[in-house]
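S.K.: quick one, what's the 3D model for this:
(4 chains)
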Amino acid sequence: MFKRILIANRGEIAVRVIRACRELGIESVAIYSEADRTALHVREADYAAGVGPAPAAESYLNTPRIIEAAAKTGAEAIHPGYGFFSENAGFARAVAAAGLVFIGPSPEAIHAMGDKVESRKLMSAAGVPVVPGSPDTLKGEDEVRAFANKIGYPIMIKAAAGGGGKGLRLVESDQDLASIVRTVSSEAKSSFGDGRFYVEKFVRKPRHIEVQVLADKDGNTVHVFERECSIQRRHQKVVEESPSPFVTPEMRQKMGAVAVQAAKAVGYFSAGTIEFLADADRNFYFLEMNTRIQVEHPVTELVTGIDLVRAQIEIAAGKPLPFKQKDIAQRGWAIECRIYAEDPEAGFVPAPGKIHTLRFPEGPGIRNDAGVYAGAEVPMFYDPMISKLAAWGANRAEAIDRMRRALGEFIISGELTTNLSFHRWIMTHPRFLAGDFDTNFIAQEYHSGTGAKSDDHARIAATILAAIAAQRGANNNHAQPQTRVAAPTGSAWRSLARFDSLRR
Amino acid sequence: MFKRILIANRGEIAVRVIRACRELGIESVAIYSEADRTALHVREADYAAGVGPAPAAESYLNTPRIIEAAAKTGAEAIHPGYGFFSENAGFARAVAAAGLVFIGPSPEAIHAMGDKVESRKLMSAAGVPVVPGSPDTLKGEDEVRAFANKIGYPIMIKAAAGGGGKGLRLVESDQDLASIVRTVSSEAKSSFGDGRFYVEKFVRKPRHIEVQVLADKDGNTVHVFERECSIQRRHQKVVEESPSPFVTPEMRQKMGAVAVQAAKAVGYFSAGTIEFLADADRNFYFLEMNTRIQVEHPVTELVTGIDLVRAQIEIAAGKPLPFKQKDIAQRGWAIECRIYAEDPEAGFVPAPGKIHTLRFPEGPGIRNDAGVYAGAEVPMFYDPMISKLAAWGANRAEAIDRMRRALGEFIISGELTTNLSFHRWIMTHPRFLAGDFDTNFIAQEYHSGTGAKSDDHARIAATILAAIAAQRGANNNHAQPQTRVAAPTGSAWRSLARFDSLRR
Amino acid sequence: MRYLATLADAEHEIELEEISAGSFAITFGGRRFDANLRAVGPASFSIIIDGRSFDLEVVSDGEELVVASRAGATRLTLVDPARRARHTAAEKREVSGRVEIKSGMPGRVVAVLVAPGDEVKSGQGVVTVEAMKLENELKSPKTGKVTEIRVVAGQTVEKGELLVVIE
Amino acid sequence: MRYLATLADAEHEIELEEISAGSFAITFGGRRFDANLRAVGPASFSIIIDGRSFDLEVVSDGEELVVASRAGATRLTLVDPARRARHTAAEKREVSGRVEIKSGMPGRVVAVLVAPGDEVKSGQGVVTVEAMKLENELKSPKTGKVTEIRVVAGQTVEKGELLVVIE
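M.R.: Numbering: from 1, shown residues only, chains lettered A, B, ... in the order given. Take a look at the predicted model:
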């Protein structure tokens, strides 16, 4: 087993890996940009090394500095987390070239699954169902039109190098075709430096369901069941659960088998995820494979009891999987809400800032994976995630009950806005409770200002009283220490002070 | 189902019940003494009612005030938690007399199990193995000697009304008999107002293993497996786990069956616990039944997935158990550490006070049930528990790994002392890791000042640097807001300020 | 003291009177509420109103206040009509003649900021009174001379008690 | 600056020099350590020494300090021999003649507490210098008269830079 591991990431996932290391008796090395010197992952690690300025390109994506940090601290392996370098074959090779172990799959597997077009070919060759689409990238408007007429509208145009919801466009009918083709290819060039694109049949009411796989270096490959990830805003997941309320036992068995097949086709080892698109008739199609740990891995851990990050490390160290497929079972239900510093009322734009007061939910069935602490800053340079709140219950209803309860307990205030009330809204929505949703759920159902008006006089009175008390506290210079703490508020109150002076 | 429930308790268990209520869509009513106006359970509840001055006898044990609070807030049922009125048949009757539902067993069951002597008779009559002992209370020295000669030394003399480790004495040989008999009976009179006592065979190397039971009002009774509670200081549990590393499948099956038998013998319903004493040969004897929820219930919830408090409420509402014995299974391993404001170095004396900084452990496998928050005070009037930290793992080793990791993450500072480092010591002790311990473990193994001396120069340098920085902060009047917060420290630093002025 | 609060586009008028430290009588929507308030954090308050417990976090956002609770967040703005009136009045014309400055709530005098005979400007602070563990500076509504001072620092005062006279 | 620390009954002498805000050179046990310190809470500090990360909480208990980390708590007492010496010296007899007060560390002058010609007592503060985001008041070791002031508030000073002269 490794003596020391460097985590080439930040935020909650860096903390998650540090925890796994600590539990395994392995020392952890954090890296940090100049914006992250006091970030939680730096405080929690055994070693820490600065790797450059705030912009990711100069720090968390700075290969030489990261390799150098590993050498200087004597790390034997590097865990990439998710995002950043996690799916970068070049980085994986650089790590190996430096004589270190990359905690993830082989560079070949990363590469094979990294290209949308190549991976689709590979998968259909391996007998994995894929969405009907162009066998290869298409050259321009005419090729696209010809193919569209073959498979019929609506179609989806996707950048070959795209991903994460970026670089894809829907074409409803022939007349929008020309302009959209132009947009996609130019966007693809600018965003990914690769203008190639391909076409797929567009699936209506699609559900995003993915299957977790684990494989060791001896080729032992198992699936760890599915995750339902259809609750998305701007093509990005915000709520995930396992099992999926949509998947039947037969479908589950089939998806699992296909996922294992897909992983084996690229000689995959470590933890990975096969993403599927499922239509209303429960047909499912291969979307892509994520050759890394997923943000939403906790829901799988909660229902199966398997520690996926621990497994990644043990596999990288050459250990065989400690279990067979038959040993893996789902128990109960788990849901995860991604708590972001963002403003749902303003189209989910990031709204990072300093955190003053923070109290996390706790108690039965609750797991929280945070990347911040009271007094910390959610920096504007990176993904504005605050924490991943997960709830386990004996069944879906109990899991939702607990999540709703936990969201109420989640106290955070400061110079940032969060999506907590947005999650409260989801957890009470009839369609979510019924499990009746697809990837369009939020676009269809969520409208800004869903805040119900209250005629609860006691509550209104309490609200106003609290506001008055806080305001008096803010204008007050001789307050007791505790009130002084409101100073974190210092700046938060500044505007109020102004407002207040008007009043006088 | 009930619309509103009053919780006749405080601290973490009150918060635990409030959470269960909220998850069930039931409104919660907290009660508070004058010392608890700002306690966490008051903040978390939907309603709150003051019930008297700080001393428990005048507030949390003030029946009229509690019943009145329930009436005023329109509560339909009362949950007693543990301690206080939880095993008081008189209170249970008073609740019923007021037309409210007592969330617990019948007053008769509480009474039957409340008296050590009566319950032992009842149990042996019901075929439950009990420690060989006097069939009835004994009158004095001679009766005791006669009986001791029959069953042989060593023997245990126990006050009939005792419990929780109070009012019991070991007699190794005939010569200590006379004096000890006198002490016990006089102690019993003064502590419990009942001088009666009985005699039991003393079990060497005893393990304290208990079985959780659940029964509904239709008599459906199941056991929810065992808890190992042998790690005790001053006869009180500090670490509990489930399963027990000592219990074999056969023994588990037998204990479960006996526990169900015991519960049925008193027509028990609600959640309850049968405490057994097990000897080195895996014989086990009935000790007593706790007719309430236990402090350590989370470890059972973690391995079985059953919400015991939720079950208590549903049973009290007349619902049948939603599962049969065959549906209940243990999965993985769970350990709980009771985090107290106490000083292990000083014989575990309570060391309550104000909490300044607080950061709870989180992440995979960790559950924390706290009764406090940053800025809160652990009052001197009640049990000085801060929180119950529980860790789940796929096996015992993983659970311990996670607990050790979590104990490291547990940050608390202020005017109180905690037993955190004591727990760290336990979680690294070879005998604990091997599962080789009995109720004498701590008495035998723990010696004050087990703090190893460090020759890690970087660590020592960091420690000294932090001390210097903090000290400068403390003497500084123009510090920034954040440093001001150190003021909560106000008093904590006062002594330092003095010390510092000497230096100048 | 009267306040005007606007939440969810609805204006609410509320009359707040502090009975004793942390205990208030609130008149609102034609009803009277007994409220007990305790600070439990920097900008966190535990409030019990008619037996109901509210745990509230307050943060300001521009000219609005955001009050967050288990049930969600509420945005509101707060105005004190009495003061506003007095303010504008003071602006319009000098208040003339003898002015008595009284305590708006029961509390403790923290500091007397003027001495007899002092010339004071309109809006200048004259006495600081502490109530609700928080301080409030009472200002002179007119420019004039301090003729009487009825209180000293540290003294507790009743609601409406005369503090200072300015002529 | 030199400090004497006692932990676990062992006395340690440590030489602390601030290179720049939050960065220190520590000489200890015959070795030199590069340390970077950041306050992450009221009495919480993140310290990186030779690439190792330490997360430390400090609380005082009587005359001792308790420093808690993931690994457990350490009790220690802190003495500044230099200062102690100076202190006792000052007590014993008046320091005579010209005394130059210099900055013990690089930092920023927050306030000059005396003016040229002022009479100062032994132990009276003369200049406040900020370093490590925290302030330190430099005191006069003797009773005498301020003859020179070489700095003004807001000015940054080097280690050992002359601030004030007292005769």
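
S.K.: ok, residues contacting stretch A:428-435?
M.R.: Residues outside stretch A:428-435 that contact it (CB atoms under 8 Å, 6 or more residues apart in numbering or on different chains): A:231, A:239, A:245-246, A:396, A:400, A:404, A:426, A:437, A:441, A:445. Backbone N, C-alpha and C define where each C-beta goes, glycine included.

S.K.: I meant stretch A:375-384, not that one.
M.R.: Residues outside stretch A:375-384 that contact it (CB under 8 Å, 6+ apart) are A:10-11, A:33, A:35-36, A:38-40, A:54-56, A:60, A:83, A:340-342, A:350-356, A:372, A:386, A:416, A:488, B:482, D:40-41.

S.K.: for A:A35, what are its contacts?
M.R.: A:54, A:379, A:381-382.

S.K.: for it, pull up the helix or strand it's in.
M.R.: A:A35 is part of no helix or strand, with elements assigned from DSSP states H and E.

S.K.: measure the nearest residue to it once chain neighbours are set aside to A:E377 for me?
M.R.: Leaving aside its sequence neighbours, A:A35 sits nearest to A:A54 (CB to CB, 6 or more residues apart in numbering or on different chains; 3.8 Å). Computed as CB to CB, to the nearest Å, the A:A54 to A:E377 distance reads 11 Å.

S.K.: what's the nearest residue in the stretch 1-150 of chain A when you look at chain C?
M.R.: Residue of the stretch 1-150 of chain A nearest chain C, by CB to the nearest CB: A:T38 (19.4 Å).

S.K.: quick revisit: what about the residue nearest to A:A35, neighbour count?
M.R.: 15 (other CB atoms under 10 Å in any protein chain shown).

S.K.: run a quick neighbour tally on the residue of the stretch 1-150 of chain A closest to chain C.
M.R.: For A:T38, the neighbour count with other CB under 10 Å is 19.

S.K.: test my guess that it contacts D:V40.
M.R.: Yes - using CB atoms under 8 Å, A:T38 is in contact with D:V40, at 5.0 Å.

S.K.: mutual contacts of these two, please.
M.R.: Counting by CB under 8 Å, 6+ apart, the contacts common to A:T38 and D:V40 are A:376, D:46.

S.K.: quick one: mean pLDDT over stretch C:146-158.
M.R.: Stretch C:146-158 shows a mean pLDDT of 86.

S.K.: and the contacts of that stretch?
M.R.: Residues outside stretch C:146-158 that contact it (CB under 8 Å, 6+ apart): C:98, C:103, C:106-112, C:114-118, C:120, C:126-127, C:129, C:161-167.

S.K.: name the nearest residue to residue 11, sequence neighbours excluded.
M.R.: Let's take chain A. For A:G11, ignoring the flanking residues on the chain, the nearest one in space by CB to CB, 6+ apart is A:G371 at 3.6 Å.

S.K.: other chain: chain C
M.R.: Nearest non-adjacent residue to C:E11 (CB to CB, 6+ apart): C:L4, at 6.3 Å.

S.K.: distance check, that neighbour against C:F33.
M.R.: C:L4 sits at a distance of 17 Å from C:F33 (criterion: CB to CB).

S.K.: next one: C:G160
M.R.: For C:G160 relative to C:F33 (CB to CB), the value is 22 Å.

S.K.: more neighbours, these two?
M.R.: Neighbour count, other CB under 10 Å: between C:G160 and C:F33, C:F33 has more, with 19 against 11.

S.K.: before we move on, which element is that one in?
M.R.: Using DSSP H and E, C:F33 sits in strand C:31-41.

S.K.: quick one: check whatever helix or strand comes next after that strand for contact with chain A.
M.R.: Once strand C:31-41 ends, the next helix or strand along the chain (criterion: DSSP H and E) is strand C:44-49. Yes - contact between strand C:44-49 and chain A, assessed by CB under 8 Å from any CB of the partner chain, occurs at C:44-45, C:47, C:49.

S.K.: and strand C:44-49, C-alpha only, in PDB?
M.R.: Extracted C-alpha coordinates of strand C:44-49, given in PDB (Å, rounded to 0.1, in the frame of the first residue of the first chain):
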ATOM      1  CA  SER C  44     -28.800  34.400  14.800                       C
ATOM      2  CA  PHE C  45     -31.800  34.700  17.100                       C
ATOM      3  CA  SER C  46     -34.000  32.300  18.900                       C
ATOM      4  CA  ILE C  47     -37.400  33.800  19.200                       C
ATOM      5  CA  ILE C  48     -40.400  32.300  21.100                       C
ATOM      6  CA  ILE C  49     -43.700  33.900  20.200                       C
END
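
S.K.: for residue 76, which non-adjacent residue is closest in space?
M.R.: Unless you meant another one, I'm taking chain A. A:F2 (4.7 Å).

S.K.: my bad, chain C
M.R.: For C:L76, ignoring the flanking residues on the chain, the nearest one in space by CB to CB, 6+ apart is C:L7 at 4.0 Å.

S.K.: so what's the one you found bridging to?
M.R.: For C:L7, the beta-bridge partners under DSSP bridges are C:A10, C:L76.

S.K.: now do the same for it: its pLDDT.
M.R.: pLDDT, C:L7: 85.
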